[in-house]
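My questions concern the predicted model and sequence given below.
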Amino acid sequence: MSFKSELDMLQYICLNFSKQDILKYAVEYKQPFLYVVRSVLPKVISFIKEDSELQFNMLLDMTAIHYPDRSEPFQIRYLFYSSKLKKRLTIYIFSTEDVPIQTISNVYLNADWYERELHEMFGILFDYHSDFRALFLSDCETYPLRKDKL
């Protein structure tokens, strides 16, 4: 199967999940993205990597934005690349400070470093993560990229 457009690819992904699992999907500036419910993130991540039509075999980046006035103040962004499709895909989830996100380092090994960085810079927790040693700020007692201290 070949996808005629990025939107076709997103619809294919959405067909494999229930409507309440995918909050939003769209293509903006030729970049496809999904907003996913936090609890189904591991299933979606495994699907996009293992599905023979998609094969998103690279995690390019993980980052977060802190919106302190929101009920779920952290927006976490995952950026993937499929060498088969030669396309990128961004997946977003929202989270709170006290609810851990399930690690994806068991699916993408390089997620280990990104998750450590997000924990160190924002205080975001990841379930089943094996190593939260500091990468950059071993003496820091705050989370430098949070906006609630401004």
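Yep, that arrived.

how about the nearest residue to the residue nearest the centre of the chain, chain neighbours excluded?
Nearest residue to the geometric centre of the chain (Cα atoms, centre = their mean): residue 78, 3.2 Å. Nearest residue to residue 78, sequence neighbours excluded (Cβ to Cβ, 6 or more residues apart in numbering): residue 91, at 4.5 Å. (Each C-beta comes from the backbone N, C-alpha and C, glycine too.)

ok, that neighbour to residue 30 distance?
17 Å (Cβ to Cβ, to the nearest Å).

just residue 55 next, same as before
20 Å.

and if you look at residue 127?
Distance from residue 127 to residue 30, by Cβ to Cβ: 34 Å.

In which helix or strand does residue 109 reside?
Using DSSP states H and E, residue 109 is not contained in any helix or strand.

ignore the last one, residue 89
strand 87-95.

just residue 10 next, same as before
helix 6-15.

now residue 114
helix 111-122.

go on, residue 78?
strand 74-82.

So what are the sheet partners of that strand and their directions?
Strand 74-82 pairs in its sheet with strand 58-66 (antiparallel), strand 87-95 (antiparallel), by DSSP bridges.

Between these, which one is closest to residue 103.
Nearest to residue 103 among these is strand 58-66 (10.9 Å), distances taken as Cβ to Cβ.
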